[in-house]
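> All I have is the shape, not the residue letters:
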């Protein structure tokens, strides 16, 4: 294991921790009635966003979901503009007009989080189509949850992607629950076979293991850049929090023991730090150092966002048309 | 420019549209078309015949029968450097694509705080009279016009269709163009060979008059012009105003016309209930109220699913006789 590897894994730990610290702050802002509306927390699923986005270039594209903060941060969004957007402030990524579910950042290839389940599958496929036509070598990653497998658009997109060998990677985050309903009550047959039916290269992954996700993503990206067409990464994961921040009492759809098991046994941050320590690539101190540094960054970003001004009234009619 | 005072060569409505598409495909390599059976088949209406021979299957792309998918793919391509033109065979399939158009394309620029743009054109058809029944005959321009962020074009003449199409393709916003499928071959008119565009948001007075304003869109422009001829015979001078684009809307021209004539009938082939006619009538009533000598009247498709039988279908769409009768009564003649 080289020094480069060590630095890479520590960087990924930092990215995952940044997402977790960000989301914990979001939850606090909600509970403290400082954030308008709701937010869908990504805590527990960090290894997927980070493992995939670390395999991408800055100008590669992603599309995200209502549970999108992790994807945006992993692709390079800055925490201060993220918080400002969540609080509806003018300094936010979208001048406060998008909010938690619509963060878009052209500078990092983020074509936008999308609040329609499965709604961005064709958009990501279209970005891949444009990349191929324009010959710019970019790939597009479409993140969605297993709930999106209920949407016909996802299959229309996959069909075209394979038909035209488009450089798109469909990343399905199977966190087990379509909102408040276990996937077994909504999804017949095999998830992986759904992509394979189109002839798309598909793999099922431990979505809690960032190394496994990253390795699979690298392969999918390489194939996409080589003109070999789309991939489907089915990542098994778990959503620690509720469907959204207000989903507090969850026993009616999933037991606390299940939540506890994932948090203690399957936590993506613990799995990576444990592996690094076990292989003598790091000691506990380095993680404390990373966490302290990230927490400081996140806290000052929250303070920035809380103090930032709201958009002026004239902003409301701006950007309806380009 | 009025269809009455243009000179030179004549093209059909379909030919004018094809010529606009061909010119823009030639001008800008990022423009491409996609849709079902648009390449070798040239669409079910044969409007695009010959384009694939010049531009190839990469730029005139046949797609699966997946209207939401192809529209969404076009949205994504539009956001990332291309200028797609999606062909949706029948306007009735608007229900299939509406999430991608109304929730995605229309909102992305705004939701992203102006960062992302969607220079997309959706071409689709409207119009009854083809004996195609309830799922292939509707005129659904009101659906699109309801959504902020979209531009909506309803050309009535070959000249307008070509000039507006070229502007739509060059526009940085999602633009929906509804073409009347009955006019592709039957309507012919002057189209200059020289390059021109028509800006979106400028109405056209198709016939000047002084006694009553007939605001008419797309196919209904011809109904209004026929009614105007009948009215002329009984001494009523009707002005026919064609908004050409519903969004953006040239309110000024509509209002000025009604201020002059003091009477108005709005005619559109979409359903009358909650329709385009209601919006335009409300604008006129609001802005020209003190000039009006009669209530503003509306005529649209009957509020029924378009029936198949010719004996029934023909009852559902406004005709010149009905417009004539209503205008006559508004003018107390």
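Arrived safely. Just so it is clear, the structure is predicted and the values come from calculations on it, not from any experiment.
> Residue numbers of the stretch 151-300 of chain A in contact with chain B?
The stretch 151-300 of chain A has residues A:152, A:153, A:156, A:157, A:159, A:160, A:163 near chain B, with proximity defined as Cβ under 8 Å from any Cβ of the partner chain. Every residue, glycine included, has its C-beta placed from N, CA and C.
> Name the nearest residue to the third one, ignoring sequence neighbours.
Distances taken as Cβ to Cβ, 6 or more residues apart in numbering or on different chains put residue B:69 closest to residue A:156, at 2.9 Å, once the chain neighbours are dropped.
> Is the one you found in a helix, a strand, or coil?
Recorded secondary structure, residue B:69: helix (DSSP: H, G, I helix; E, B strand; the rest coil).
> go on, the one 3 residues further on?
Here residue B:72 takes the helix state, with states given by three-state DSSP.
> Can you get me a residue count around it?
31 (other Cβ atoms under 10 Å in any protein chain shown).
> Surely it is in contact with residue B:104?
Yes. In terms of Cβ atoms under 8 Å, residue B:72 counts as a neighbour of residue B:104; the distance is 6.7 Å.
> what about the strands in chain B?
Counting by DSSP state E, chain B has strands at residues B:10-12, B:31-35, B:60-62, B:83-88, B:121-126, B:151-153, B:175-180, B:188-190, B:204-207, B:212-216, B:238-242, B:245-247, B:264-271, B:297-301.
> what is the mean pLDDT for the fourth one?
What that stands for is strand B:83-88. Mean pLDDT, computed over strand B:83-88, is 98.
> So what are the sheet partners of that strand and their directions?
Partners of strand B:83-88 in the sheet, by DSSP bridges, are strand B:31-35 (parallel), strand B:121-126 (parallel).
> show me where pLDDT drops low in the stretch 1-150 of chain A?
Applying pLDDT under 70 to the stretch 1-150 of chain A flags residues A:1.
> ok, which stretches of it are helices?
A:3-31, A:46-53, A:69-74, A:79-86, A:121-134 (DSSP state H, counting those that start in this stretch).
> Tell me which of the ones you listed sits nearest to chain B.
Nearest to chain B among the helices of the stretch 1-150 of chain A is helix A:121-134; the distance by Cβ to the nearest Cβ comes to 2.3 Å.
> So which bits of the closest one are buried?
Under the neighbour-count criterion of 16 or more other Cβ atoms under 10 Å in any protein chain shown, helix A:121-134 has A:121-133 buried.
> Can you confirm whether that helix lies near chain B?
Yes. Residues of helix A:121-134 are located near chain B by Cβ under 8 Å from any Cβ, namely A:121-131, A:133-134.
> Please identify the deepest-packed of the strands paired with strand B:83-88.
Greatest average neighbour count among the strands paired with strand B:83-88 goes to strand B:121-126 (a mean of 27), per mean count of other Cβ atoms under 10 Å in any protein chain shown.
> List the contacts of that one.
Contact with strand B:121-126 is made by B:17, B:35, B:45, B:71, B:74, B:83-91, B:93-94, B:97, B:101, B:138-141, B:154, B:165, B:168-169, B:171, B:174-181, B:218-219, B:269-270, as judged by Cβ atoms under 8 Å, 6 or more residues apart in numbering or on different chains.
> where's residue A:101 relative to residue B:113, distance?
14 Å (Cβ to Cβ, to the nearest Å).
> ditto for residue B:142
29 Å.
> Looking at those two, which one has more neighbours?
More neighbours surround residue B:113 than the other of residue B:142 and residue B:113, with 24 against 21 (other Cβ under 10 Å).
> Now for that one: which residues touch it?
With Cβ under 8 Å, 6+ apart, residue B:113 has these contacts: A:92, A:93, A:94, A:95, A:96, A:97, A:98, A:104, A:319.
> from those residues, which are also near chain B?
By Cβ under 8 Å from any Cβ, the members of those lying near chain B are A:92, A:93, A:94, A:95, A:96, A:97, A:98, A:104, A:319.
> Now render these as JSON lines, adding distance to residue B:314 and neighbour count.
Output for the ones next to chain B among the contacts of residue B:113, formatted as JSON lines (distance: Cβ to Cβ, whole Å; neighbours: other Cβ atoms under 10 Å in any protein chain shown):
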{"residue": "A:92", "distance to residue B:314": "55", "neighbour count": "24"}
{"residue": "A:93", "distance to residue B:314": "54", "neighbour count": "29"}
{"residue": "A:94", "distance to residue B:314": "50", "neighbour count": "26"}
{"residue": "A:95", "distance to residue B:314": "52", "neighbour count": "23"}
{"residue": "A:96", "distance to residue B:314": "53", "neighbour count": "22"}
{"residue": "A:97", "distance to residue B:314": "48", "neighbour count": "22"}
{"residue": "A:98", "distance to residue B:314": "48", "neighbour count": "25"}
{"residue": "A:104", "distance to residue B:314": "49", "neighbour count": "27"}
{"residue": "A:319", "distance to residue B:314": "45", "neighbour count": "21"}
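> Looking at the residues you listed, which is nearest residue A:180?
residue A:98 (25.2 Å; Cβ to Cβ).
> low-confidence ranges in the stretch 151-300 of chain B?
Along the stretch 151-300 of chain B, no part satisfies pLDDT under 70.
> Disregarding residues adjacent in the polypeptide, which is nearest to the closest residue to chain A within it?
Chain A sits closest to residue B:172 of the stretch 151-300 of chain B, with a gap of 3.9 Å, by Cβ to the nearest Cβ. Spatial nearest neighbour of residue B:172, chain neighbours left out: residue A:322 (3.9 Å); criterion: Cβ to Cβ, 6+ apart.
> The one you found against residue B:115, yeah?
No. With contacts counted by Cβ under 8 Å, residue A:322 stays clear of residue B:115, the gap being 10.4 Å.
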